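S.K.: sequence? don't have it. structure:
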């Protein structure tokens, strides 16, 4: 048994001794290292953090406590606070208890020893070499190039018999380059050690050089926009993911409430798969200790389910989907690996149908409304489709309502890793308005 799991189980025992009917303790430790350039000057930053989160129940009165370090003394204090608050809390009529133990549903382990033990000097050499490589093109200037790694451990124990622990790693390279008045950024992320910076530089350079010769769109265009996979992922993470959260459904903040079995997203199929080998969001269990699994959310456009933690699942009379997440004591809901299935068309075929290609970053996601499905976002590196060719244009605003244009959504065949935990194809969305 590891130090973290031993601490979690001790905390559960103390909570019961202090009068809790049920108790759960989540303990985490995370270390990260990053070397990055500001222009061409290298800097480094390191972070190490530990924390405990306690949740207890007395009957249907539930309370939580958090601490940003992990020791028996700290945990003792957090447990006492949680038990005291639970005694005074209002009853939650929907509380049905903590999750029960269950075995994992897959055996893939997202841990790479190379990531956990990488030398900072080696990281600095990689960034230095990448900066030098980018400077070989006199048209380019380096805004920033970074290489980062992270190593985390977590353990969850509760009074119903959950006792699980896991470790994981992640690494990534990013580059932001300038070319005249243009700019371009790109990044990769993996659970294993990433060391090849050339694809990152090539994509960032392409976007920067194209945007340096971009002209204004100069008109308002209504029609189809081809979202590259990464740009689509940014839109979906702000627009659709919140709508699929069962908590938002229950609280009246999702337009998908009451629509199970109904056609809501054209012909799209969307799956949350926490068992995907190599997935950025793959793990054996979620932040409640519930086994990760594969959940069909939308099938052929028809809504089949929502993302659940134990609390929302029991309120709706279904099984948890293993999507519990933690944030400062509260137990929320987050996707693991969200997968948008590919369609029948090639990317080139969809380009021919588009009026604009959306590539790069979304610069104004605060204008996305997951409650209504409305969005108006600025695209950093767009292209106008002219005579079958792509002509770079200055940033444009793209607006519409995802549900109103759902029948006009057409995904390409090839599903891509967007380095965001969302796996999606380039996707054509019709019926949108583009200004710029």
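M.R.: Structure received. Bear in mind that the values here come from a model prediction, so they are computed numbers and not experimental data.
S.K.: where does this protein have low pLDDT?
M.R.: Residues of the chain meeting the criterion pLDDT under 70: 1.
S.K.: Show me how it divides into domains.
M.R.: Residue ranges for the domains of the chain, per automatic domain parsing: 3-207, 214-436.
S.K.: and the last one, how far apart are its ends?
M.R.: Meaning domain 214-436. 12 Å (CA to CA, to the nearest Å).
S.K.: Format the domains of the chain as CSV; extra columns: mean neighbour count.
M.R.: Using the backbone N, CA and C atoms, a C-beta is placed for each residue, glycine as well. Putting the domains of the chain into CSV (neighbours: other CB atoms under 10 Å) gives the following:
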stretch, mean neighbour count
domain 3-207, 18
domain 214-436, 20
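S.K.: what sits against residue 109?
M.R.: For residue 109, the contacting residues are residue 284, by CB atoms under 8 Å, 6 or more residues apart in numbering.
S.K.: Same check on residue 400?
M.R.: So, once contact is read as CB under 8 Å, 6+ apart, residue 400 ends up touching 374-375, 429, 431-433.
S.K.: got it, and residue 45?
M.R.: 33-34, 36.
S.K.: Filter the residues you listed down to the ones in strands?
M.R.: 33-34, 36 (DSSP state E).
S.K.: which one of these is nearest residue 301?
M.R.: Nearest to residue 301 among these, counting by CB to CB, is residue 34 at 41.2 Å.
S.K.: contacting residues for the closest one?
M.R.: Residue 34 neighbours (CB under 8 Å, 6+ apart): 44-46, 123, 146-149.
S.K.: can you redo these as CSV with distance to residue 348?
M.R.: Converted to CSV, the contacts of residue 34 look like this (distance: CB to CB, whole Å):
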residue, distance to residue 348
44, 43
45, 42
46, 45
123, 38
146, 33
147, 33
148, 35
149, 37
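S.K.: Among those residues, which lie within helices?
M.R.: residue 123 (DSSP state H).
S.K.: Among the contacts of residue 34, name the ones in strands.
M.R.: Applying DSSP E to the contacts of residue 34, the entries found in strands are 44-46, 146-149.
S.K.: how about the helices in this protein?
M.R.: With DSSP H as the criterion, the chain has helices at 3-17, 72-88, 113-116, 120-135, 198-212, 229-239, 241-244, 246-251, 310-316, 347-353.
S.K.: who wins for proximity to residue 370 among the ones you listed?
M.R.: Among these, the nearest to residue 370 by CB to CB is helix 241-244 (3.9 Å).
S.K.: now residue 69, nearest residue through space, not along the chain?
M.R.: residue 50 (5.4 Å; CB to CB, 6 or more residues apart in numbering).
S.K.: what sits against the one you found?
M.R.: Contacts for residue 50 (CB under 8 Å, 6+ apart) come out as 27-30, 68-70.
S.K.: returning to that earlier point: for the helices of the chain, give me a markdown table that also has distance to residue 396.
M.R.: Output for the helices of the chain, formatted as a markdown table (distance: least, CB to CB, whole Å):
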| stretch | distance to residue 396 |
| --- | --- |
| helix 3-17 | 48 |
| helix 72-88 | 49 |
| helix 113-116 | 38 |
| helix 120-135 | 27 |
| helix 198-212 | 12 |
| helix 229-239 | 12 |
| helix 241-244 | 24 |
| helix 246-251 | 30 |
| helix 310-316 | 38 |
| helix 347-353 | 16 |
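S.K.: how about these, which one is nearest residue 292?
M.R.: Nearest of the helices of the chain to residue 292, taken as CB to CB: helix 310-316 at 13.7 Å.
S.K.: Check the offset of that closest one from the chain's centre.
M.R.: 22 Å (CA atoms, centre = their mean, to the nearest Å).
S.K.: cool, stretch 162-181 as well?
M.R.: Chain-centre distance of stretch 162-181: 11 Å, with CA atoms, centre = their mean.
S.K.: Kindly report the same for stretch 341-352.
M.R.: Relative to its chain's centre, stretch 341-352 lies at 25 Å (CA atoms, centre = their mean).
S.K.: So what touches it?
M.R.: Contacts of stretch 341-352 (CB under 8 Å, 6+ apart): 226, 267-271, 357, 385, 388, 390, 410-415, 425-428.
S.K.: again, only this time at 7 Å
M.R.: With contact meaning CB atoms under 7 Å, 6 or more residues apart in numbering, stretch 341-352 is reached by 226, 269, 357, 385, 388, 410-415, 425-426, 428.
S.K.: How about stretch 278-296?
M.R.: Residues outside stretch 278-296 that contact it (CB under 7 Å, 6+ apart) are 26, 99, 102-105, 108, 110, 156, 158, 162, 164, 166, 168, 189, 191, 271-276, 304-305, 309-310, 320-326, 331, 335-337, 421.
S.K.: rewinding a little: tell me which entries of the contacts of residue 50 lie within strands.
M.R.: 27-30.
S.K.: which of those residues lies closest to residue 57?
M.R.: Comparing the ones in strands among the contacts of residue 50 against residue 57 with CB to CB places residue 27 closest, at 19.0 Å.
S.K.: bridging residues for the closest one?
M.R.: Residue 27 has these beta-bridge partners by DSSP bridges: residue 52, residue 155.
S.K.: Please verify my assumption that it contacts residue 10.
M.R.: No - here residue 27 does not reach residue 10: they are 10.0 Å apart, not a contact under CB atoms under 7 Å.
S.K.: All set, thanks.
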